[in-house]
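K.L.:
Sharing a model that was predicted from the sequence below.
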Amino acid sequence: MSDAAGPSPAAIPDFQSLMLPVLEEAARGEVRIGETIERLANRFALSAEQRAELLPSKRQTTFANRVHWAKSYLGKAGLIRLTNERILKSPRLGSKCLRIPLRE
């Protein structure tokens, strides 16, 4: 049976699900976090409502918050280097991780 409103959109990814995509974005070289958030929102086909959904604090969107958490954990793991508004790929470790085949 089909819903008249169409299929429901996928949930906003959690920060763990965003870690590999953030690392892949960092592999592009020095990237702005705002541009990364936009590209990943497009990659995950988030709706306008999902992109605009705010945290309870009303200070940041849920998706941006999750991308920032992924970025933070990748930085602490030494997989990327962080500056104010930019993500810089770690020259060795981050690149090595991207070459490891994923298991399902």
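P.N.:
Sure, I can see it. Residues are numbered from 1 along each chain as shown.
K.L.:
which SSE is Asn84 in?
P.N.:
Using DSSP states H and E, Asn84 sits within no helix or strand.
K.L.:
confidence score at it?
P.N.:
On the pLDDT scale, Asn84 is placed at 73.
K.L.:
mind starting the numbering at 11 from now?
P.N.:
Renumbered: residue one is now 11, and that last one reads Asn94.
K.L.:
and it, how many residues sit next to it?
P.N.:
Close neighbours of Asn94, defined as other Cβ atoms under 10 Å, add up to 6. Where you see a C-beta, it was placed from the backbone N, CA and C, and this is true even at glycine.
K.L.:
Same check on Glu95?
P.N.:
10.
K.L.:
same deal with Arg96?
P.N.:
Look at Arg96: counted by other Cβ under 10 Å, it has 16 neighbours.
K.L.:
I'd assumed Ala36 was in contact with it.
P.N.:
No. Contact between Arg96 and Ala36 fails when scored by Cβ atoms under 8 Å: they sit 9.6 Å apart.
K.L.:
any idea which helix or strand comes after the longest helix seen in the chain?
P.N.:
Taking DSSP state H as the criterion, the chain has its longest helix at helix 72-86. Later in the chain than helix 72-86, the nearest helix or strand by DSSP H and E is strand 90-92.
K.L.:
which residues touch that following strand?
P.N.:
With contact meaning Cβ atoms under 8 Å, 6 or more residues apart in numbering, strand 90-92 is reached by Val32, Leu33, Ala36, Lys81, Ser82, Leu84, Gly85, Ile97, Leu98, Lys99, Ser100, Gly104.
K.L.:
Just the buried ones from these?
P.N.:
Val32, Leu33, Ala36, Lys81, Leu84, Gly85, Ile97, Lys99, Ser100, Gly104 (16 or more other Cβ atoms under 10 Å).
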